Structures are given as C-alpha cells and as structure tokens.
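Engineer: sequence first, predicted coordinates after that:
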Amino acid sequence: MWKEELRWNKLFLVGDNVDVITQLNWEEYSTTTKEAIKTAVIIDCVPFLNVEETILFKTALGREKDFKDIKLLKEYKEFKKKGISLL
C-alpha cells in the first residue's frame, strides 16, 4: 500500500519501510530519469540508482538518515573492493 505525500514541493510515494521519490532534480543533485536508468542496477526488472549515484543523491538530501545510509554504502563499497560477499 502506497500513500502519496508532498515534501519539499516534490511528490513522494510512501510505503511501510520505503519512500520513493518521483523526481531526481534537487538543488545540489540533478539528473534525468533517462540518465539514472542508463546507469541503474536492475533488480527484478526495476531500475534502482547505482551505489555511486545513491551516495551523491543522499549527500544532496542531507538528512540524518541519508548520512547513515551513505556510511553503510561506503562500507559496502569497501567490502566489495576487497572481494568480500555480504550475502
């Protein structure tokens, strides 16, 4: 079940544990949907921002939650660089 919310003059789809942002153009971060999908990671036919783009986007959002996510994403990149599987 998704609920629509307007935040920062942008439409969000809010679920139980996930918020989906329908636009990627923010003051400190801007890309097009086409560019984002071109470099996306596809999971079950759904495109998601890749790790690098997610870090850039979350840095632009700048919420406390985003900085926690960025820390986890950077740790993930280090594990991956060392060939350590997290699954």
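Structural biologist: That came in fine, so what should we check first? Bear in mind the structure is a predicted one, so any value in this text is a computation, not a measurement.

Engineer: tell me what the top helix by length along the chain is packed against?
Structural biologist: When the chain is parsed with DSSP state H, its longest helix is helix 64-81. Other elements packing on helix 64-81 under the criterion 3 or more CB pairs under 8 Å, 6 or more residues apart in numbering; DSSP states H and E are helix 51-61. Heads up, the C-betas are built off the backbone N, CA and C, glycines and all.

Engineer: partners of Ile21 in the sheet?
Structural biologist: Under DSSP bridges, the beta-bridge partners of Ile21 are Phe12.

Engineer: that one contacts Lys10, correct?
Structural biologist: Yes - with contacts counted by CB atoms under 8 Å, Ile21 reaches Lys10, the gap being 6.5 Å.

Engineer: mind listing what's buried in the longest helix of the chain?
Structural biologist: Using 16 or more other CB atoms under 10 Å as the test for burial, helix 64-81 gives 66, 69-70.

Engineer: distance from the chain centre to the helix or strand bottoming out on mean pLDDT in the chain, please.
Structural biologist: Lowest on mean pLDDT, DSSP states H and E among the helices and strands of the chain sits strand 19-21, with a mean of 82. From the chain centre to the centre of strand 19-21 is a distance of 9 Å (CA atoms, centre = their mean, to the nearest Å).

Engineer: contacts for it next, please.
Structural biologist: Here strand 19-21 makes contact (CB atoms under 8 Å, 6 or more residues apart in numbering) with 2, 10, 12-14.

Engineer: of the residues you listed, just the buried ones, ChimeraX syntax please.
Structural biologist: Buried subset of those, written as a ChimeraX selection, criterion 16+ other CB under 10 Å:
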select :12
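
Engineer: put the alpha carbons of stretch 66-81 into PDB.
Structural biologist: Provided in PDB are the C-alpha atoms of stretch 66-81 (Å, rounded to 0.1, in the frame of the first residue of the first chain):
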ATOM      1  CA  ASP A  66      20.900   9.900   4.500                       C
ATOM      2  CA  PHE A  67      24.300  10.300   6.200                       C
ATOM      3  CA  LYS A  68      23.800   6.900   8.000                       C
ATOM      4  CA  ASP A  69      22.900   5.400   4.600                       C
ATOM      5  CA  ILE A  70      26.000   6.900   3.000                       C
ATOM      6  CA  LYS A  71      28.200   5.400   5.700                       C
ATOM      7  CA  LEU A  72      26.700   2.000   5.000                       C
ATOM      8  CA  LEU A  73      27.100   2.400   1.200                       C
ATOM      9  CA  LYS A  74      30.700   3.300   1.600                       C
ATOM     10  CA  GLU A  75      31.300   0.300   3.800                       C
ATOM     11  CA  TYR A  76      29.600  -1.900   1.200                       C
ATOM     12  CA  LYS A  77      31.900  -0.500  -1.500                       C
ATOM     13  CA  GLU A  78      35.000  -1.300   0.700                       C
ATOM     14  CA  PHE A  79      33.800  -4.900   1.200                       C
ATOM     15  CA  LYS A  80      33.100  -5.300  -2.500                       C
ATOM     16  CA  LYS A  81      36.600  -3.800  -3.400                       C
END
